[in-house]
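Asks: Based on what follows, work out the 3D shape:
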Amino acid sequence: MNELIEILNDIRPGQNFAKADNFFEQGVLDSLDLTALVTAIESRYAVFIDVDEMIPGNFRNLSAIKTLLERKGVWSSSAA
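Replies: Below is the predicted model of the structure:
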């Protein structure tokens with residue numbers, strides 16, 4: 001999870017990602033940040049995120065991103 005927070009901090013420094021419930025509704029990230037986040041995740045974890053998966057709901061908070069990465073086989077559900 002720390003690696004994911006590092007990615008997010010590279011995109012939008014100074015935000016408290018761990019405490020945000022919804023990055024987009026709370027103004028922590030915007031749609032351009034979503035594009036940068038998808039690119040960074042694909043590069044870091046060697047996964048492909050389909051355009052149908054590029055919706056704010058899959059990236060609204062750390063838990064949602066973790067769930068997406070679990071579906072992609074990056075983390076097991078027991079990994080933190």
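
Asks: Run a quick neighbour tally on the residue nearest to residue 60 when sequence neighbours are not counted.
Replies: Counting by CB to CB, 6 or more residues apart in numbering, residue 60 lies nearest to residue 22, which is 4.8 Å off, once chain neighbours are set aside. To be clear about C-beta, it is placed using only N, CA and C from the backbone, and glycine gets the same treatment. Counted with other CB atoms under 10 Å, the burial measure for residue 22 works out to 15 neighbours.

Asks: Next, find the distance separating residue 22 from residue 36.
Replies: According to CB to CB, to the nearest Å, residue 22 and residue 36 sit 18 Å apart.

Asks: how much space is there between the residue nearest to residue 60 and residue 28?
Replies: Between residue 22 and residue 28 the distance is 8 Å, computed by CB to CB.

Asks: Could you do residue 20 as well?
Replies: As judged by CB to CB, residue 20 and residue 28 stand 5 Å apart.

Asks: do the same with residue 53
Replies: When distances are taken as CB to CB, residue 53 and residue 28 turn out to be 20 Å apart.

Asks: cool, and residue 64?
Replies: Here residue 64 is placed at a distance of 13 Å from residue 28 (CB to CB).

Asks: Who has more neighbours out of these two?
Replies: Taking other CB under 10 Å, residue 64 and residue 28 do not tie; residue 28 has more neighbours (20 against 15).

Asks: Look at the more buried one and report its pLDDT.
Replies: For residue 28, the model assigns a pLDDT of 96.

Asks: so who does it touch?
Replies: The contact partners of residue 28, by CB atoms under 8 Å, 6 or more residues apart in numbering, come to 12, 15, 16, 17, 20.

Asks: pull the longest helix from this structure.
Replies: When the chain is parsed with DSSP state H, its longest helix is helix 31-45.

Asks: Could you give me the buried positions within that one?
Replies: Of the residues in helix 31-45, 33, 34, 36, 37, 38, 40, 41, 45 count as buried by neighbour count, 16 or more other CB atoms under 10 Å.
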